[in-house]
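> Structure here, sequence nowhere to be found:
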């Protein structure tokens, strides 16, 4: 996918990014395709699939975060199990609040994200190459935690609560609609349904009440 094709795709979907941000996103996609040829970062290796099935999540998430977060929850963000930098790296092109840490235990994926951040000149965005349980206490507590298929809710919620400040926010990217599930230690603030490639997806915004 060329830069102009990417710009046309984004504009057609209602995302009007600056030329600099489109160039940065194009660099990310090209780098992702290159690395994906030698290690399985995202499965399928075509730019249109990556844009429509993965990156659009990040842009919808940016709009959701701007709506649900208070200013004091924007200072430190932990993106757990960041893998290939999704949703965090594209998200930082449109949502640049505070310090953003991409947490990933696998060395090669952490190396990829560091290279992508440098190629895109993303500010205040860093990789923590460690298990979540080994995060330096100096970066805690976080105001915001983002989790995309990192671990099941029963395990995630107590772990997130240990790392969040009081009334901090946990955002879960889910394939399931919230239907009154038990959320010990949290209260549901807002949820959002959206569609990517014709499939329904959801954001859950949970506030820590511990």
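That came through fine. On a predicted model such as this, the values are computed, not experimentally measured, just so you know.

> name the helices or strands packed onto the lowest-mean-pLDDT helix or strand in the chain?
Counting by mean pLDDT, DSSP states H and E, the chain has its least confident helix or strand at helix 47-50, which shows a mean of 88. Under the contact criterion of 3 or more C-beta pairs under 8 Å, 6 or more residues apart in numbering; DSSP states H and E, helix 47-50 touches helix 19-36. Every residue, glycine included, has its C-beta placed from N, CA and C.

> which outside residues touch the helix it packs on?
1, 3, 6-7, 10, 17, 41-42, 45-47, 50-51, 55, 84-85, 89-90, 93-94, 112, 115-116, 119-122 (C-beta atoms under 8 Å, 6 or more residues apart in numbering).

> just checking, residue 165 is part of a strand?
Yes: counting by DSSP: H, G, I helix; E, B strand; the rest coil, residue 165 is located in a strand.

> Does it touch residue 139 like I think?
No: using C-beta atoms under 8 Å as the test, residue 165 is too far from residue 139 to be in contact (11.9 Å).

> follow-up on the earlier one: distance from the least confident helix or strand of the chain to the middle of the chain?
Put simply, helix 47-50 sits 17 Å off its chain's centre (C-alpha atoms, centre = their mean, to the nearest Å).

> Just the strands from this protein, written as ranges.
76-80, 99-103, 125-128, 142-148, 164-174, 186-196, 199-208 (DSSP state E).

> Give me whichever of those strands is most buried.
Ranked by mean neighbour count, those are led by strand 76-80 with a mean of 26 (mean count of other C-beta atoms under 10 Å).

> Give me the sheet partners of that one and which way each runs.
Take DSSP bridges as the rule and strand 76-80 pairs in its sheet with strand 99-103 (parallel), strand 142-148 (parallel).

> Report the angle between that strand and strand 164-174.
If you take axes from the mean of the first three to the mean of the last three C-alpha atoms, to 10 degrees, strand 76-80 sits at 40 degrees to strand 164-174.

> now strand 76-80, how far from the centre of its chain.
9 Å.

> contacting residues around it?
Under the criterion C-beta under 8 Å, 6+ apart, residues 87-88, 97-103, 132, 135, 139-147, 150, 163 lie in contact with strand 76-80.

> what do you get if the cut-off is 6 Å, keeping everything else the same?
Where contact means C-beta atoms under 6 Å, 6 or more residues apart in numbering, the residues beyond strand 76-80 that reach it are 88, 98-103, 132, 142-147, 150.
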